[in-house]
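Undergrad: Prediction below, plus the sequence it came from.
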Amino acid sequence: MKPKITQTEEDLKNHLTTQFHLLAKACLEFDKGDHYQVIVISTILRTLLKDGKPGSQTKSLISQTIGTKEYYSYCNKPEFPKSQDDNIVIQMLHYNFITSILSGHPRHDFSPNFANDVTPSLITFERWWTETVCSDSNNTPFTRQDLILSITEQDGGAHVDEKLGEDYYNLTRNSSQGQFKFNINLPLDKNGAPIWPEVWPADAPPIPLQHPVWHAVRQIAHEVLESNSVALSFNPKVFYKGAGFKMSAIALGFIPE
């Protein structure tokens, strides 16, 4: 077998520029409504972030190049009030730390937090990678690492496994996030606020909301782009336009030394 040839520093920087460019474009398409781009986004994030086990020669692309050591975390733990919009009631039974509910959305979809009303914390990569970013109604925690690697190594990214991890399966297939909507009309009090029943009517069964994993991955991509902006010649603020923080496609390159 012929020996492998080590890639040059320039080769690795070109790979990094390419991966960030593809990540930005995938995020743009996701923000336009193509949520299947989460497969592309998570696969790129795995390439950028995942190191091998201790002692392994396998290194993430970022470890081989710019070696970013600290990452911005937009992880918050808000209290979710009950809300009513267009006679659709949402009941929140768990915490989503890096995504939010769009209460005015026709499907009451999730949304990445981006930088909305959240002050980021700058923390070490290891803490950021293993920090709990959401939990389900069984109090099962999920980290950024859990979500990215479950998608890429089991659920359609770089590989499709015959069997999925139980916790991830329950979150994405069995509505273990514990968030539901109910199509009922609620009476209002004298101030116009809905009066919530202690028991939900039998003729208004709960309808599970879409799981938050896709939007959590989009938020993780946002944090990776912002955290590495110092080493790359782009400003994350120019990625987003308007109140919706939609990403605009731009080319990425290194800051000249």
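TA: Ah, there it is. Here the structure is a predicted model, which is why all the values come from computation and not from measurement. Residues are numbered from 1 along each chain as shown.
Undergrad: who's in contact with A221?
TA: L23, A26, C27, I41, I44, L45 (Cβ atoms under 8 Å, 6 or more residues apart in numbering). For glycine as for every other residue, the C-beta is placed from the backbone atoms N, C-alpha and C.
Undergrad: Restricting the selection to alpha carbons, write whichever strand or helix holds it to CSV.
TA: Assessed by DSSP states H and E, A221 sits inside helix 213-227. Provided in CSV are the C-alpha atoms of helix 213-227 (Å, rounded to 0.1, in the frame of the first residue of the first chain):
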residue,chain,number,x,y,z
VAL,A,213,-34.2,19.0,16.7
TRP,A,214,-33.9,20.5,13.2
HIS,A,215,-34.1,24.1,14.6
ALA,A,216,-31.7,23.2,17.4
VAL,A,217,-29.2,22.1,14.7
ARG,A,218,-29.8,25.4,12.9
GLN,A,219,-29.0,27.3,16.1
ILE,A,220,-25.9,25.3,16.6
ALA,A,221,-24.7,26.3,13.1
HIS,A,222,-25.4,29.9,14.0
GLU,A,223,-23.2,29.6,17.1
VAL,A,224,-20.4,27.9,15.1
LEU,A,225,-20.4,30.6,12.5
GLU,A,226,-20.3,33.4,15.1
SER,A,227,-17.7,31.7,17.3
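Undergrad: buried ones in stretch 63-72?
TA: Neighbour-count burial for stretch 63-72, counted by 16 or more other Cβ atoms under 10 Å, picks out S63, T65, I66, T68, Y71, Y72.
Undergrad: quick one on the thing from earlier: and the contacts of A221, which is closest to V213?
TA: The closest of the contacts of A221 to V213 turns out to be I41 (Cβ to Cβ; 11.5 Å).
Undergrad: Who are the contact partners of the closest one?
TA: With Cβ under 8 Å, 6+ apart, I41 has these contacts: L23, A26, C27, F30, V217, R218, A221.
Undergrad: Filter those down to just the buried residues.
TA: Applying 16+ other Cβ under 10 Å to the contacts of I41 flags L23, A26, C27, F30, V217, R218, A221 as buried.
Undergrad: Poorly predicted segments of the stretch 101-250 of the chain, please.
TA: Scanning the stretch 101-250 of the chain for pLDDT under 70 picks out 101-111, 113-118, 176-186, 194, 196-197, 199-210, 233-250.
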